Every structure is written in structure tokens, then in C-alpha cells.
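Visitor: Pasting a predicted model and its sequence here:
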Amino acid sequence: MREMADSVTPGNLPPGLPLYAGYDDGHYMDVAQIRALERDATVMAVTTDPADNEGDCLDVENGDARPEDAPPWTDRRRVAGHPGPLNYCSEDTRQALLAAYASYQNGAVPVPGLWVAAYPGKGPVLQEPTDVGHQFVDHGGWDQSVMVDYLPGIDPAPPLPPLPAPTSSPRGDDMLHTVPVRTDISGNGWVETTIPWADFMAVALEGSDPQTPEQGGDGVYWPGTVKVQDRNNMVLVTVTGFLPSVVANVFVCATA
């Protein structure tokens, strides 16, 4: 957990915190000023107008966005490529906001991370384990919150772990190559292999043959497709529509 401050007057903010929040629209547009003042900090852009397609967090409170405005805004931000748009609301508004997500397109838009205001609520901890932040003190000129340590699309992305090396094992008279492919937030990715194109026989994507729980799987088909093509006489593997931001295993069968 870490501390965050927000204010409609940037000069009131305490210096040196790791995270701040400011408005990118409305009457108190101050996010650019905060970024100029706190150049070493991460600054979250809060949006008050639910009709736009910008910002990191929608402000759901009287005078700004309504609970029913939140699902379409969150959906637009995700489609635009934001991996983690948030919603701000009070504890009193939480249930109305959750109900709006449940009713919008039959619950097709998942509830985003919630930054919840409750003074003091449970104190400097999250109100609910699924929340990402808790605004719990009004200092007059600025508000104090605690937030989770990483907010996708707001904080700089952490370095990715090394991609596992491909492996090969005999399968009868042929070779089965396991090729890890890292997917992006849309579930897409590709890898150039060292498997000769002339040796290629068949390809399959992890999850296309579902395993039962007893076999260590979930018993369902995973999404996504895999294709191969010739790239400089080597096999190029392309995965589309798989699980986002994971490592997908592609199995390539080739002659030994």
C-alpha cells in the first residue's frame, strides 16, 4: 500500500509522495500542474465528464458522473487500450455503482478497480479487498488516500520477466517443440522460432484440447487461435485472441 494525495488546488498538496490524482477536465482541471510540480511521482488523471474517452478514473459523484454512466465509460477506455481504468465513488454510492454494472448489457462489462471515499471508514486500509484505493482523510485543502502498489495503465509498467526458453522433446519419429509466446493486453503475440519451415508438420495452441481438473486443467476450451508462416525459412508463430498479458504455450510438431 502507498499514500496518495489529491486536491483541486495543486499548491495545497504535500510534496514528495509517490502518487497524486488530479482532474483532466471540468472546473478544476489541474492534472498538468500537478505533473509539473511532482515530476518524480505518478499522477492519475480523474475525469468528470462520462461522455469523453480520456483519463484514468471516472469521478462518480453528485455533479459529475452518475453510476449508470460508469459502465460505458469504462468499456470505452478499455477498448481504447487502457489496461486498468478506475471508478471513484463514495461508500454510500458503491451498491448503486455495482448495480449499474450488473444491469448494463447484462453484466458484460466487468467492474473496474474502485477508489472509494469513506471518512474515516476502516482507516488507512482498503474498505473491501477488491478495491484499489480508499480516500479516508479530508485535510481541508487536500484529501489523503491509500492505494494499492501497482495500477495498470497509470503506473509505469514493471519490467517483464524473461520469456521461458523454447523446449523440444522427441515424439515418436518427430519432435514436439513448446514455444512460449507472450501476449499483449489484447491477447495477441508472436515469436520467430529456429524451427526450419521445411520441417514443420502441425501446430496447436495451449487450451485447445482441454484437460479435466484431475489432469491439472479447468476442463474448458481457452480462447484464441494460432497460425504459422514462413519467415526466412523458419517458422513464425502468431497467437491472436488468447488470454491477455500472459505466456501462451504453442506446440509445434516438426520432423526430427
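Guide: Received the coordinates, thanks.
Visitor: Pretty sure Lys122 sits against Pro129.
Guide: No. Taking C-beta atoms under 8 Å as the definition, Lys122 is not a contact partner of Pro129, at 11.2 Å. (Each C-beta comes from the backbone N, C-alpha and C, glycine too.)
Visitor: if you count what's nearby, which of those two comes out ahead?
Guide: Lys122 (12 against 6; other C-beta atoms under 10 Å).
Visitor: Would it be right to say that that one lies in a strand?
Guide: No. Secondary structure of Lys122, determined by DSSP: H, G, I helix; E, B strand; the rest coil: coil, with no strand assignment.
Visitor: which residues touch it?
Guide: By C-beta atoms under 8 Å, 6 or more residues apart in numbering, the residues touching Lys122 are 134, 136.
Visitor: List the neighbours of stretch 87-103 that are in contact with it.
Guide: Outside stretch 87-103, the residues that touch it by C-beta under 8 Å, 6+ apart are 46, 57-61, 67-68, 70-71, 74, 107, 109-118, 121, 127, 135.
Visitor: which parts of that stretch are buried?
Guide: Within stretch 87-103, the residues that qualify as buried by neighbour count (16 or more other C-beta atoms under 10 Å) are 87-91, 93-94, 97, 100-101.
Visitor: three-state assignment of the residue most central in space within the chain?
Guide: Nearest to the centroid of the C-alpha atoms of the chain, with distances taken as C-alpha atoms, centre = their mean, sits Pro83, at 3.3 Å. Recorded secondary structure, Pro83: coil (three-state DSSP).
Visitor: Surely it and Pro152 touch.
Guide: Yes. Counting by C-beta under 8 Å, Pro83 sits close enough to Pro152 to count as a contact (4.2 Å).
Visitor: Tell me where the stretch 151-256 of the chain has strands.
Guide: Assigned by DSSP state E, counting those that start in this stretch, the strands in the stretch 151-256 of the chain fall at 167-171, 174-182, 189-196, 200-205, 225-231, 234-240, 247-255.
Visitor: Quick check: which helices or strands does the fifth one pack against?
Guide: Applying 3 or more C-beta pairs under 8 Å, 6 or more residues apart in numbering; DSSP states H and E, one finds that strand 225-231 contacts strand 200-205, strand 234-240.
Visitor: Now render the ones you listed as a markdown table, adding distance to Gln33.
Guide: As requested, the helices and strands packed on strand 225-231 are arranged in a markdown table below (distance: least, C-beta to C-beta, whole Å):
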| stretch | distance to Gln33 |
| --- | --- |
| strand 200-205 | 48 |
| strand 234-240 | 42 |
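Visitor: Now mean pLDDT, mean neighbour count and distance to Ser168 too, for these, in TSV please.
Guide: Formatted as TSV, the entries for the helices and strands packed on strand 225-231 read as follows, by pLDDT from 0 to 100; neighbours: other C-beta atoms under 10 Å; distance: least, C-beta to C-beta, whole Å:
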stretch	mean pLDDT	mean neighbour count	distance to Ser168
strand 200-205	92	16	13
strand 234-240	93	20	12
